[in-house]
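> When you get a sec, could you give me coordinates for this:
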Amino acid sequence: MATKHKPVHPGEILDLEFLEPLNITKYRLAKETGMPADRVTRLVKGTRAFTADTALRLGRFFGTSAVFWMNLQARYDLECAADERGRMIQKRVRPFKAA
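Numbers count the residues shown, from 1 in each chain. Down below sits the predicted model:
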């Protein structure tokens, strides 16, 4: 039986794929993007969701698109919802069948 993996929060990607390889501190990211330091800390810890404002700032700073960051958040949210409520929804909601 396959082991279920915990969904990856976008903050983990921010930390491991951007901050660490580029040697950027959370403090510097906060200063350079105009975000409060506690917001950056909570993003990296995975205790705060990425908002459109955050996505725009990170996209500008890192030269990515804001959509990249929003898609990471949307995927995380969907995976968490599927883990929490997917089975109940499968049982409760029947697919629509056109006449």
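
> hey, let's count contacts and neighbours off CA atoms from now on
Will do.

> so where's the protein uncertain?
1-3 (pLDDT under 70).

> what are the ranges of the helices in it?
With DSSP state H as the criterion, the chain has helices at 10-13, 20-22, 26-33, 37-45, 52-62, 66-92.

> Just name the most buried of those.
Most buried of the helices of the chain by mean neighbour count (mean count of other Cα atoms under 10 Å) is helix 10-13; its value is a mean of 19.

> who touches that one?
For helix 10-13, the surrounding residues in contact (Cα atoms under 8 Å, 6 or more residues apart in numbering) are 43-46, 50, 69, 72-73, 76.

> at 6 Å instead, please
By Cα atoms under 6 Å, 6 or more residues apart in numbering, the surrounding residues in contact with helix 10-13 are 43-44, 46, 72-73.

> From L22, how far out is the nearest residue to F50 once chain neighbours are set aside?
Among residues not flanking F50 along the chain, Q73 sits closest, at 6.1 Å (Cα to Cα, 6 or more residues apart in numbering). Counting by Cα to Cα, to the nearest Å, the gap between Q73 and L22 amounts to 22 Å.

> for P36, same thing?
In terms of Cα to Cα, P36 sits 20 Å off from L22.

> quick revisit: output the helices of the chain in JSON lines, with distance to A98 appended to each entry.
As requested, the helices of the chain are arranged in JSON lines below (distance: least, Cα to Cα, whole Å):
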{"stretch": "helix 10-13", "distance to A98": "38"}
{"stretch": "helix 20-22", "distance to A98": "52"}
{"stretch": "helix 26-33", "distance to A98": "50"}
{"stretch": "helix 37-45", "distance to A98": "43"}
{"stretch": "helix 52-62", "distance to A98": "37"}
{"stretch": "helix 66-92", "distance to A98": "19"}
